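J.: Compute the structure for the input listed below.
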Amino acid sequence: MSVIQSLYVPESFQNNAHPCELFIYRGDLEHPQAPGNKWHKLKYHLLEAKRVNAQYIATFGGPFSNHLHAFSAILAETEFKGIAIVRGELHPTLTPTLIDVANAGIELWPCSRKDYRLAENSNMVAQINRLYPNVYWIPEGGGGQLGARGCQDWAADIDYLGDEYDAWVVSAGTGTTASGLLAYDNLPYLHVVSALKGAESQSDEILALAESLPQAHTTIDELKHKMTFHCDAHEGGYAKQSKALLAFLGAFAELNPKQLLDPVYTSKALFLVMQKIHRGEWPHRRTLFIHTGGLQGWRGYLPNVNPFIDSSVDGDK
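T.: The predicted model follows:
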């Protein structure tokens, strides 16, 4: 199966006066343990952990975190021991995601939301550094310069396999992936769709991280002309789903039964694109939508809201 596939626009979103072609880069079909952008964000972090002779690698995530899920699967194949700082209290019954993480041998540390926001400046991190030798810390979601560098490499891979597109679209959580793609020299144009509510300032963070990459050959002002940032596609908040979004997913799944979307990121980003196509506001003729994985996130929802009911785990089609 090709990793670049055509997408069909549901009839209710079509606009004959402004036709456009949509394609999807199936990043979710890439790495079996860390599909989508996950492996790319982890790649340089793992190399750095090896360079500094770390014994433990620790990172942060929520109870349904795609990052923690991929992190645990990857570490199970290495000599490193893993620690996961989990946002919120750990309940007696773990989420399916955390069960997978624990079964991979990762230690779970519940963390208050206050400490979680402090991340590597929290008392919990200081305590872990005292208890465990040689801990290498990966930011939430595999972020930072090293995570973005991996996504900059990913952009080159996507460009090599692709055709001529006048725009790419990618969803954003931490914004790491968007920064890496934006720093790629041959990027056509980038639409970044944030999954977060109240993320207006995230655009500045993405631009600053992109400019800071060693391989970036451009300024923030130049990068601004390569990107449009959308902060109004959260559909009520992070991980929330509106009735309109669910209706779109149902129509989309009927036409594109093999093009599975995740519930938090890609579904909302593509919904935004489809709405703009319908209103005649999408300015591009050939668009490549980049799938960042995350299908295992459906396990945090009731089955009756999932039109891709066989997509409970990434790669399990």
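J.: Just the C-alphas of stretch 148-157, formatted as PDB.
T.: In PDB, the C-alpha atoms belonging to stretch 148-157 read as follows (Å, rounded to 0.1, in the frame of the first residue of the first chain):
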ATOM      1  CA  ALA A 148      12.100  19.000  15.800                       C
ATOM      2  CA  ARG A 149      15.300  17.900  14.000                       C
ATOM      3  CA  GLY A 150      13.800  14.400  13.600                       C
ATOM      4  CA  CYS A 151      10.700  16.000  12.000                       C
ATOM      5  CA  GLN A 152      12.900  18.100   9.700                       C
ATOM      6  CA  ASP A 153      14.400  14.900   8.500                       C
ATOM      7  CA  TRP A 154      10.800  13.500   8.100                       C
ATOM      8  CA  ALA A 155       9.900  16.400   5.900                       C
ATOM      9  CA  ALA A 156      12.700  15.500   3.500                       C
ATOM     10  CA  ASP A 157      11.400  11.900   3.400                       C
END
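J.: buried sites along it?
T.: Neighbour-count burial for stretch 148-157 flags 148-155 (criterion: 16 or more other CB atoms under 10 Å). Heads up, the C-betas are built off the backbone N, CA and C, glycines and all.
J.: Next: stretch 191-200.
T.: Quick answer for stretch 191-200 (16+ other CB under 10 Å): 191-196, 199.
J.: Which members of those are positioned in strands?
T.: Members of the buried residues of stretch 191-200 lying in strands (criterion: DSSP state E): 191-194.
J.: Distance to G143 for those - can I get that in CSV?
T.: Compiled in CSV, these are given as follows (distance: CB to CB, whole Å):
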residue, distance to G143
H191, 20
V192, 15
V193, 18
S194, 14
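J.: got a list of what W168 touches?
T.: W168 makes contacts with 158, 181, 187-191, 287-290, as judged by CB atoms under 8 Å, 6 or more residues apart in numbering.
J.: how far away is it from T287?
T.: 7 Å (CB to CB, to the nearest Å).
J.: before we move on, back to that, now render the contacts of W168 as JSON lines, adding distance to I24.
T.: Output for these, formatted as JSON lines (distance: CB to CB, whole Å):
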{"residue": "I158", "distance to I24": "11"}
{"residue": "L181", "distance to I24": "15"}
{"residue": "L187", "distance to I24": "17"}
{"residue": "P188", "distance to I24": "16"}
{"residue": "Y189", "distance to I24": "17"}
{"residue": "L190", "distance to I24": "16"}
{"residue": "H191", "distance to I24": "14"}
{"residue": "T287", "distance to I24": "10"}
{"residue": "L288", "distance to I24": "7"}
{"residue": "F289", "distance to I24": "5"}
{"residue": "I290", "distance to I24": "8"}
